[in-house]
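Trainee: could you look at this predicted model? Sequence included:
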Amino acid sequence: MKQCLPVEAREQHPANLSRDRTGWHGGALHLDLLFSEMSGTKAATMSRSSLQEKRLRFFERGNKHCPICLTKFTEPDVRAGEVVTLEHAPQESVGGKPACLTCFQCNTGPATRVIDQALARFYRAQEEGGYPITVEGDGKRPYTIHPKHYDIGKDRIRIRTRRDVVGKSHGPLTLRQTEPLLDAILLGLLKSAYLMVFSLLGATGYRYAQGEAVTSIREQLLSPEKELFRPLVAFTDTANTEHAVLLWTEYQCWAVKIRTDLVILPPGGSIDRYRRLAEALEPPLTLGSTVQWTAPKFGGSPIHGKKSDALKTKHLFGASLPNPRQDYVVVYEEADMVAVLPVSGL
């Protein structure tokens, strides 16, 4: 992991929007529709059945409350899939995979949709070279220019498009470029990072979720219009865009990597502990010793128990180790409880 820059310094890294992928492939249209009419119901049924099995699998592993609002799930609700949803972390449009169960409101509610869409637009923008520009005026219907068709200079914008659209314009034109709010992007990153850590912790994640510092994170996600918790986010110049959860052993905190962004989360405990951590971590950041997990999903739960029984020479929480040569790392510590995960390559 290379050095990091604060997210506020993103002006140096232009954000871009994804390419338009709409349109039919001529000649295959009738065949596709005919196949859809014959097999659509069966395919939809198979898809619903598969999603139900995934939801039940998470539920049976202990994912029985929403990790954000802590609403309790019931098995009938999990089967129905109307108020209990399969959440991707990070979100699916960013390349995330199903990680845990959340309630419908916390997954697709109006407030959540705003921050999820902001993050999706931001990353699509990074891939394509700029946000689209909407051109209005001269009595014409507004139209959109894709980033690949314009260049922004120091004192002018050069648009490469059809002459019959722009070349015959005689009146003033208004150009609009709408970017997602930085706060919405940061909250989108915070939500994804929190759910990735929660999923890694499994059932222990509920104890993590109820700590003072993490409760502040959940309250912020439930009320995105308020400023309750300022996410600690840094930008890395690494070319590796793989999502991962890292345990930063030097500071005993979480560093969640989402594409080229790094979100720092508290290890648990009080909000003051997190504030002290934020003060200590001044950009540019250089990650030292870390332990990493990629694509965490609920169910790879750590082993947990009392600190007094946690790590003994040949025993873990009073029980014989399944593999004496296996290395274990503490992933959560609070009061008299500690949780560890087996790792390799330490």
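Mentor: Thanks, I have it. Numbering: from 1, shown residues only.
Trainee: mind listing the strands for the stretch 151-300 of the chain?
Mentor: Ranges of strands in the stretch 151-300 of the chain, per DSSP state E, counting those that start in this stretch, are 157-159, 173-176, 232-236, 244-248, 253-258, 261-265, 290-294.
Trainee: lowest mean pLDDT across those strands, which one is that?
Mentor: If you rank the strands of the stretch 151-300 of the chain by mean pLDDT, strand 157-159 sits at the bottom with a mean of 72.
Trainee: residue 221 is nearest to which of the strands of the stretch 151-300 of the chain?
Mentor: strand 261-265 (12.5 Å; CB to CB). Glycine gets a C-beta too; all of them are placed from N, C-alpha and C.
Trainee: which of the strands of the stretch 151-300 of the chain sits closest to residue 53?
Mentor: strand 290-294 (23.4 Å).
Trainee: return the set of buried residues in the closest one.
Mentor: 291, 293 (16 or more other CB atoms under 10 Å).
Trainee: contacts for it, please.
Mentor: Residues outside strand 290-294 that contact it (CB atoms under 8 Å, 6 or more residues apart in numbering) are 1, 200, 242-249, 255, 329, 341, 343, 346.
Trainee: run the last query once more with 6 Å
Mentor: Contact with strand 290-294 is made by 200, 244, 245, 246, 247, 248, 329, 343, as judged by CB atoms under 6 Å, 6 or more residues apart in numbering.
Trainee: in the very next helix or strand once past it, what's buried?
Mentor: Later in the chain than strand 290-294, the nearest helix or strand by DSSP states H and E is strand 303-306. Neighbour-count burial for strand 303-306, counted by 16+ other CB under 10 Å, picks out 303, 304, 305.
Trainee: how about those residues in JSON lines, adding pLDDT?
Mentor: Formatted as JSON lines, the buried residues of strand 303-306 follow (pLDDT from 0 to 100):
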{"residue": "303", "pLDDT": "74"}
{"residue": "304", "pLDDT": "73"}
{"residue": "305", "pLDDT": "74"}
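Trainee: need those residues in a markdown table (columns: distance to residue 174).
Mentor: Listed next are the buried residues of strand 303-306 as a markdown table, based on distance: CB to CB, whole Å:
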| residue | distance to residue 174 |
| --- | --- |
| 303 | 61 |
| 304 | 59 |
| 305 | 64 |
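Trainee: now, among these, which is nearest to residue 333?
Mentor: Distances from residue 333 to those, taken by CB to CB, are shortest for residue 304, at 10.1 Å.
Trainee: beta partners of the residue lying closest to the closest one once chain neighbours are set aside?
Mentor: Of all residues not flanking residue 304 in the chain, residue 339 sits nearest, at 3.8 Å (CB to CB, 6 or more residues apart in numbering). Per DSSP bridges, the residues bridged to residue 339 are residue 304, residue 332.
Trainee: domain ranges for this protein?
Mentor: For the chain, automatic domain parsing gives the domain ranges 134-176, 302-346.
Trainee: can you list the weak-confidence ranges in the stretch 151-300 of the chain?
Mentor: 154-155, 161-171, 236-239, 283-284, 300 (pLDDT under 70).
Trainee: before we move on, what about the stretch 1-150 of the chain?
Mentor: In the stretch 1-150 of the chain the weaker segments, taking pLDDT under 70 as the threshold, are 1-46, 48, 138-140.
Trainee: one more time with 90
Mentor: 1-50, 93-95, 111, 124-150 (pLDDT under 90).
Trainee: all helices of it, in order?
Mentor: 29-60, 75-80, 104-108, 110-128 (DSSP state H, counting those that start in this stretch).
Trainee: cool, and the stretch 151-300 of the chain?
Mentor: With DSSP H, counting those that start in this stretch, the ranges of helices along the stretch 151-300 of the chain come out as 182-201, 205-209, 212-222, 271-280.
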